[in-house]
Structures are given as C-alpha cells and as structure tokens.
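>>> 3D, please:
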Amino acid sequence: MCMSNNKHIQSKKITELEDQIRALQEFVSLQNDVIAQKDEAIARNDRLISEKDRTINNLDADNLQLKHQLEQLKRMLFGSKSERFIPQMYAEQLTLDLFPKPEEIEEEVDKENEKIRVEYERKKAVKKHPGRMT
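Now for the predicted structure:
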C-alpha cells in the first residue's frame, strides 16, 4: 500500500508539474506575442526616424544653398564696385504695377486738398494768471 500511495503522490506531482509547464508555456507564448508587437512598433519608429532624418538632411541642404545664394546676392548688390552687379532695366521686361505712379498720387492729393480746404479763425480766450499765492 505504501508503494501505491507513493505512486499516487508521484502521479499527482507529475500532473501538477505538467500543469505548471503548460501555464509557463502559455505565458512564454503571450510574452513572445508582446515582444513581436513591440518589435513591429520599433521597426515602424525606425522607419519614421530614418524618413525624418532624410527630410532634415534635405532641409539642411536647401538651407545651405539659400544661404549661399543670399551671400552672392548681397555681394552683387553691396560688394565693392568691381564685384557689384547693377541691374539694367530692359524695355522688353514686363513690370508689375504694384504702386501708383507719382502723377496719380499728385492728382489724388489735389482732389483731397480741394475737398478739405476750410478756413476759419479761432479766438482764444485770454485768462489772467492769478499769480503766485503767498
């Protein structure tokens, strides 16, 4: 009877251990799924970072190019006379009429002056200063 009892206890322990092994296997499987999801998120973030790095590099290159152009234009306009570029006005080049011509401005001012011209005399009341109080 002692042997059969030992076998019974051993079989119970074996089934308990098998249950624990299954539970651990399920836990490991769930952890592997979580790790896989995190790996996917890391890969997505790596792609975004590399895309943003490319964008930053492109913007830096554009910035350098624009700074170079600005320096050239400054040198052309404000450099010494041998380096200076004075633009020529070409007859065939079209211009934008963004501002009114001086003649138009004078006409408008004359019209406003004619409308506004009012003359009168103002009489100011004379007040006697009371003097210093002592």
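>>> measure V109 to R122 for me?
25 Å (CB to CB, to the nearest Å). Glycine gets a C-beta too; all of them are placed from N, C-alpha and C.
>>> Pick out whichever of those two has more residues nearby.
A direct count of neighbours by other CB atoms under 10 Å for V109 and R122 places V109 higher, at 10 against 4.
>>> What does the pLDDT read for the more buried one?
We have a pLDDT of 77 for V109.
>>> next helix or strand past the longest helix along the chain?
Across the chain, the longest stretch assigned as helix under DSSP state H is helix 2-78. The first helix or strand that comes after helix 2-78 along the chain, using DSSP states H and E, is helix 102-116.
>>> Quick one: distance of that next one to the chain centre.
46 Å (CA atoms, centre = their mean, to the nearest Å).
>>> ok, back up a step: give the rounded mean pLDDT of the longest helix of the chain.
Mean predicted confidence for helix 2-78 is 91.
>>> Stretch 93-102 too?
Over the span of stretch 93-102, the pLDDT mean works out to 73.
>>> roughly how far out does it sit from the chain middle?
The answer for stretch 93-102 is 35 Å, by CA atoms, centre = their mean.
>>> Touching it from outside, list them.
For stretch 93-102, contacts defined as CB atoms under 8 Å, 6 or more residues apart in numbering pick out E108.
>>> go again using 6 Å as the cut-off
By CB atoms under 6 Å, 6 or more residues apart in numbering, no surrounding residue is in contact with stretch 93-102.
>>> Could you work out the end-to-end span of it for me?
21 Å (CA to CA, to the nearest Å).
>>> three-state assignment of A125?
coil (DSSP: H, G, I helix; E, B strand; the rest coil).
>>> nope, G131 is what I was after
With three-state DSSP as the basis, G131 sits in coil.
>>> ok, it - how many residues close by?
Neighbours around G131, by other CB under 10 Å: 6.
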